[in-house]
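Peer 1: what follows is a predicted structure for the sequence shown.
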Amino acid sequence: MYRFEECPEIVDGIYHLEVENNCLTLIYELIDDGLESYVIPTKCITGFIFLISSVYYRSSWKYKQRSLRYCLLDSGHHLGAVAASAYLHNRNIQLIFDFDKLTLNTDLGFENKEFITGCAISGEIHEKQVRKLRLKVPFVCGTDYFEANQFIEDSYQATSVQPSRQQQFKQPCFNFEQEKFYQTVCNRRSVRRFRKEFISQEHYLYVLQLLEQPIPTESGEEIETYSVIHRVEGMTSGIYEA
């Protein structure tokens with residue numbers, strides 16, 4: 001979901017990104033209201049607010065409780081896609097995880113069928129109070145039918161109100177060749193499609209080096225990185241701690 005402000009060619013509002021049709025669908029027009037009060041209270045933004053949501057039954061019908069993991073994993077993939085696009089368009093972003101997700105879910109009319117997992121903002125931030133949405137947003141369920149999973153809903157409720165450890169905000173500093181990076185992102189394939197070829201140790205270590213770049217967020221979580229090595233030249237197959 002997207003929120004635009006002061007884009008002359010686009011009406012200020014909340015949009016849904018239709019990936020299949022590669023288009024935006026306006027679902028709510030903004031007047032003097034907005035999403036800032038939920039995400040960055042006392043501030044407003046001239047730019048974009050990207051909301052990542054999860055329709056958990058799309059995976060819970062098959063994976064049951066384990067689907068909570070996939071909801072969070074897929075949310076990370078979406079945020080990564082936003083970050084990649086921002087890099088290609090020379091825009092900075094900030095990822096936000098500690099905000100009033102529960103109230104936002106209610107005002108977006110999600111019921112218990114969908115929930116917000118993360119947010120990214122890009123644009124100029126100003127000191128100004130923006131009122132919350134004046135109307136409930138019409139809700140369209142993302143699945144043809146639905147079965148509630150209490151474990152997933154309780155887990156989401158618990159983690160949504162758990163604050164993160166705060167850290168100093170820093171932007172990553174990448175130096176990718178724009179066109180090559182674009183082609184790499186667009187031509188990415190599942191691991192099932194990888195060729196059974198070795199990569200050089202130099203390439204592997206380059207990837208590890210990139211992982212040391214900061215994540216553009218004030219929410220800090222300790223992360224331990226492990227690598228499962230299969231085909232890296234000069235390295236024995238196994239599990240490595242980075």
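Peer 2: All right, it came through fine. None of these values were measured; they are calculated from a predicted model. Residues are numbered from 1 along each chain as shown.
Peer 1: please, where are all the strands along this protein?
Peer 2: 2-4, 13-18, 23-29, 43-54, 94-96, 115-127, 165-166, 219-220, 226-229, 238-241 (DSSP state E).
Peer 1: what's the closest of those to Lys136?
Peer 2: Nearest to Lys136, of all the strands of the chain, is strand 23-29, at 9.3 Å by CB to CB. C-beta here means a position set from N, CA and C on the backbone, and glycine is covered the same way.
Peer 1: which secondary structure elements does the longest helix seen in the chain contact?
Peer 2: Counting by DSSP state H, the longest helix found in the chain is helix 67-88. When contacts are defined as 3 or more CB pairs under 8 Å, 6 or more residues apart in numbering; DSSP states H and E, helix 67-88 packs onto strand 43-54, helix 57-63, strand 115-127, helix 150-160, helix 178-186.
Peer 1: now that helix: buried residues?
Peer 2: For helix 67-88, burial by neighbour count (16 or more other CB atoms under 10 Å) applies to 67-68, 70-71, 74-75, 78-79, 82-84, 86-87.
Peer 1: again with stretch 138-155
Peer 2: Neighbour-count burial for stretch 138-155, counted by 16+ other CB under 10 Å, picks out 146, 149, 152.
Peer 1: let me know the average pLDDT across that stretch.
Peer 2: What stretch 138-155 shows for mean pLDDT is 93.
Peer 1: re earlier: nearest to Thr184, out of the buried residues of stretch 138-155: which one, please.
Peer 2: Ile152 (33.5 Å).
Peer 1: surely the closest one touches Cys71?
Peer 2: Yes: between Ile152 and Cys71 there is a contact under CB atoms under 8 Å: 7.5 Å.
Peer 1: shared neighbours, those two?
Peer 2: Residues touching both Ile152 and Cys71 (CB atoms under 8 Å, 6 or more residues apart in numbering) are Tyr56.
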